[in-house]
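>>> Predicted model and sequence follow; I will ask about them next.
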There are 2 protein chains.
Amino acid sequence: MDRFLSNTINKVDKKGRVSIPASFRPILGNTSRLYILSSVDQPTVDAGGVELIERKEQQLERMDPFSEDYELYSFVLHGDSTELKIDGEGRVVLSDLIREQTGITDRAAFVGRGHFFQIWEPERFRAYREEARKKVAEMRRAKSGGAQLGAGGGANGGVAAGQGEQNT
Amino acid sequence: MDRFLSNTINKVDKKGRVSIPASFRPILGNTSRLYILSSVDQPTVDAGGVELIERKEQQLERMDPFSEDYELYSFVLHGDSTELKIDGEGRVVLSDLIREQTGITDRAAFVGRGHFFQIWEPERFRAYREEARKKVAEMRRAKSGGAQLGAGGGANGGVAAGQGEQNT
DNA sequence: AATTTGCCCATGATATCCCATAAATTAAGC
DNA sequence: GCTTAATTTATGGGATATCATGGGCAAATT
């Protein structure tokens, strides 16, 4: 249990509180603080422990300082970050900043991203997720030239394609 | 016995639990954690130990962290994965995520794939398997220009052996 | 005084643990 | 080679333990 995985949708109560998924809590450590960074590309925020900020700063340093991306990243990183307090039940109060950034009202989707997680407005998450899956599927198809069975990650399945639809 | 072989169909009980085939358990090691990755191509999920995720993360690290591909791949990898707890009897409860992805309701097919295994809705597995066989046969025919050797009726090219039903 | 914010407790719904049992595979014995 | 005893499995169910969620209340803000 050392990375943020899976996704869950939790309710935001009248006081603006949401439960951080229980499976995410231990990964954050013993802290009672949750760090939040706005995403520049999507209507979501990144969340995690302090190391999240550090990591992002390191990323920033690796970017071209004259690019527009750098400017944006830098601006958002230092300007739009927040620190939330985690209460005894593992909840946080979503700030106005987060609401504006994500569009969240009464429900929030928590999405594991490995060393951090994201908080989305459920509907937007659903849409983006679908799109992402579709694109990854295309990516995979392009790479393997169509000969792929299963998502074995380098697996040597050795069997020809076969499309098989997603769900029903 | 160090790779996942063969396939079995087990029942999902009212609580949503399924037994992981006993022959698969020792291969997972001493863990009580089963990692699940959903396939973007087929209505199935890949299952295995942490290595399964780590392997994919290594692929990620070889990509450009600022590319859209990286973003999408990471999003799907971490956001659509799950970690299931294996109980004392070697069972796991299938999450909603898995149900949606696979279409599983009351029975689940466990299919060995070497260094990981898959979980399918039995009917879909049967259908996909047949299709896969057919394509393998075609592939072979195409390659050999019609001259085949030892590709007799019962041969099941490349796909895990065994009948759709448990033992026989 | 009227809101917020932080802390504590309550509760229904799941999830997890533990024990029971029948089916089935393996080992043992004849 | 068969038949039976001994072990594993798969599966079920009850008893707890966790979790998400709601509400109360008092200290801190405004």
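Now that the structure is in, tell me what you want to look at.
>>> Flag every residue of chain A that's near DNA strand C.
Within reach of DNA strand C by Cβ under 7 Å from any atom of the strand, chain A has these residues: A:15-16, A:85, A:87-89, A:93. Every residue, glycine included, has its C-beta placed from N, CA and C.
>>> One more pass at 10 Å, please.
A:14-17, A:22-23, A:32, A:83-89, A:91-96 (Cβ under 10 Å from any atom of the strand).
>>> Out of the helices and strands in chain A, which is least certain?
Least confident helix or strand, chain A: helix A:68-79 with a mean of 80, by mean pLDDT, DSSP states H and E.
>>> Give me the contact list for that helix.
With Cβ atoms under 8 Å, 6 or more residues apart in numbering or on different chains as the test, helix A:68-79 has contacts from A:37-38, A:40, A:53, A:56-57, A:59-60, A:63-64, B:66.
>>> Narrow those to those that are buried.
A:37-38, A:53, A:56 (16 or more other Cβ atoms under 10 Å in any protein chain shown).
>>> now for the residues you listed, which pair is the farthest apart?
A:Ser38 and A:Ile53 (12.5 Å; Cβ to Cβ).
>>> Between these two, which contacts overlap?
A:Ser81.
>>> give me the low-pLDDT residue ranges for chain A?
Scanning chain A for pLDDT under 70 picks out A:1, A:145-168.
>>> Swap in 90 and give it another go.
Applying pLDDT under 90 to chain A flags the ranges A:1-2, A:29-32, A:38-41, A:50-51, A:53-64, A:67-82, A:97, A:139-168.
>>> Name the residues of it found near DNA strand D, please.
Checking chain A against DNA strand D by Cβ under 10 Å from any atom of the strand, the hits are A:8-15, A:17-26, A:87-91, A:106-108, A:110.
>>> Same list (the contacts of helix A:68-79) but as a markdown table, adding secondary structure and distance to A:Pro122.
As requested, the contacts of helix A:68-79 are exported to a markdown table (DSSP: H, G, I helix; E, B strand; the rest coil; distance: Cβ to Cβ, whole Å):
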| residue | secondary structure | distance to A:Pro122 |
| --- | --- | --- |
| A:Leu37 | strand | 20 |
| A:Ser38 | strand | 18 |
| A:Val40 | coil | 21 |
| A:Ile53 | helix | 26 |
| A:Lys56 | helix | 25 |
| A:Glu57 | helix | 30 |
| A:Gln59 | helix | 28 |
| A:Leu60 | helix | 30 |
| A:Met63 | coil | 31 |
| A:Asp64 | coil | 35 |
| B:Phe66 | coil | 27 |
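>>> With that, I have no additional questions.
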